[in-house]
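Participant: build me a model from this:
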Amino acid sequence: PQFGPSLFVYCLRSLEIKDRAGLWVIMQFIVAHLPTSSSVSLLVAHKADILRFPTDNLNKLCLKVIQSAQFPIATSLYLCAYMASCGRLCGKNGELTAFQ
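Facilitator: Predicted coordinates for the structure are as follows:
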């Protein structure tokens with residue numbers, strides 16, 4: 001877990017160069033093996049960077065966090081509010097605001 005956040009940021013920066021499916025899989029693995037609070041804080045801290053990519057990838061990341069959480073219902077409620085704030089943020093840019 002000590003290198004997880006750094007590796008997450010490295011993958012995110014690599015995605016800015018070229019969007020590769022393998023990097024998203026690595027990011028899903030990282031958030032699944034970090035403590036839930038660390039995973040959620042990574043998503044919140046890098047919201048603007050993550051929203052540059054298709055929302056399907058964000059949905060998969062959030063789903064991995066929920067699946068690996070000790071309290072999945074509480075985590076899903078928190079991430080629901082997170083996704084709602086992402087929808088408002090995307091709406092300001094004129095992009096699609098609906099998340100599944």
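Participant: where in this structure is pLDDT low?
Facilitator: Applying pLDDT under 70 to the chain flags residues 1, 87-100.
Participant: mind doing that once more with 90?
Facilitator: Judged by pLDDT under 90, the chain has its weakly predicted residues at 1-2, 19, 44, 47-59, 61-62, 76, 79-100.
Participant: tell me where the longest helix sits in it.
Facilitator: Secondary structure of the chain read by DSSP state H shows that its longest helix is helix 72-92.
Participant: for residue 60, which non-adjacent residue is closest in space?
Facilitator: residue 28 (6.0 Å; C-beta to C-beta, 6 or more residues apart in numbering). In short, each C-beta sits where N, CA and C put it, glycine included.
Participant: what helix or strand is the one you found on?
Facilitator: Residue 28 belongs to helix 21-33 when assigned by DSSP states H and E.
Participant: which strands and helices lie in contact with the helix or strand that that helix is followed by?
Facilitator: Counting by DSSP H and E, the next helix or strand C-terminal to helix 21-33 is helix 36-45. Identification of packing neighbours for helix 36-45 by 3 or more C-beta pairs under 8 Å, 6 or more residues apart in numbering; DSSP states H and E yields helix 4-17, helix 21-33, helix 55-68, helix 72-92.
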